[in-house]
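>>> return a 3D structure for these sequence lines:
(chains A, B and C)
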Amino acid sequence: MHIDFNLSKNILAWYDNNKRILPWRVNKNYDQRLYYRLLSEFMLQQTQVKTVLPYFNRFLQKFPNLKSLSKTDEKTILKLWEGLGYYRRAKNLLSTVKILANNNFKLPDTFKEIKSLPGVGDYTANALLAFIYNKETIAVDGNVKRVFSRILNKKDTEINFENFVKNNKNNLFFNNRNSDFVEALMEFGSIVCKPQQPLCYSCVINKKCKYFQSKKKRKKTKSQTKKLRKINILCYLNKKKTNRINKKK
DNA sequence: GTCCGGTACT
DNA sequence: AGTACCGGAC
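Numbers count the residues shown, from 1 in each chain, chains lettered A, B, ... in the order given. Purely as a prediction, here's the structure:
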């Protein structure tokens, strides 16, 4: 499954003009970047941005950095997590931060090591590799799956996302902004390529999107629609008849 | 009431 | 491959 256009370039151009200002989108050189990214990624697992925002800010007030968070206990962190749900995330976050504390608050730089941290699966490991080390990898969450499957006009169950990334390296990792690109893809998926009523007409890649192109083709004049309906009814009746005959056998 | 979503576990 | 975990959206 191949794409024949520079997805990265297009999505980044959109992102630069349309991204939301979010508190964890801090400068790459900011010394708290790891903490902000880690905290937000744990909170954003199964939870929307607007729900996460107040919790994220409350955490920062109580624990301004990784070190202070690493020194708290489960009871305190669970209290602060109250209402966010999936409480195992809070426990895992604390365990992970305590592990990082033993590593001088450095994140390991391999997928395998990062994924071995409690509460970190495929998605978060790839997200952190991109966000912290600008690595050429894609964090595939629900948004990204939807974007790719619309571009290819295939069900996401029919796509091997690992292979898709491998086969399209040139159109995904063409510059040195992979951290931004990983973020941009998800942002694009949640704002433009939404599950319901995607904004296809203002989408910057609609010319290259097989879903949009086939949707356009399917637009029919009234008479075409009428004809089609007739045909469909005939097919249906025919099928019914055939079924009846088959049952009799 | 039903669907949705990363991770961990089965 | 299937399911529990949880709260929000619809």
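
>>> contacts only, for the residue of chain A found nearest DNA strand B.
Across chain A, the shortest distance to DNA strand B (C-beta to the nearest atom of the strand) belongs to residue A:121, at 2.3 Å. In short, each C-beta sits where N, CA and C put it, glycine included. Neighbouring residues of residue A:121 by C-beta atoms under 8 Å, 6 or more residues apart in numbering: residue A:115.

>>> check it and give its pLDDT.
Residue A:121 is assigned a pLDDT of 97 by the prediction.

>>> tell me how far it lies from residue A:79.
According to C-beta to C-beta, to the nearest Å, residue A:121 stands 25 Å off from residue A:79.

>>> do residue A:14 as well
For residue A:14, the distance to residue A:79 (C-beta to C-beta) stands at 40 Å.

>>> so which of those two has more stuff around it?
Shown here are residue A:14 and residue A:79; by other C-beta atoms under 10 Å, residue A:14 has more neighbours (19 against 10).

>>> give me the nearest residue to the more buried one, chain neighbours excluded.
Taking C-beta to C-beta, 6 or more residues apart in numbering, and ignoring the residues beside it in sequence, residue A:14 has residue A:204 as its nearest neighbour in space, at 4.8 Å.

>>> the one you found contacts residue A:13, correct?
Yes - Residue A:204 lies in contact with residue A:13 (C-beta atoms under 8 Å); the separation is 6.8 Å.

>>> more neighbours: the two, which one.
When neighbours are counted by other C-beta under 10 Å, residue A:204 and residue A:13 differ, and residue A:204 comes out ahead with 17 against 13.

>>> what lies in contact with the host helix or strand of residue A:11?
Per DSSP states H and E, residue A:11 falls inside helix A:7-18. Helix A:7-18 has contacts (C-beta under 8 Å, 6+ apart) with A:151, A:168, A:171-175, A:177, A:180-181, A:183-185, A:187-188, A:191-192, A:204-205, A:208.
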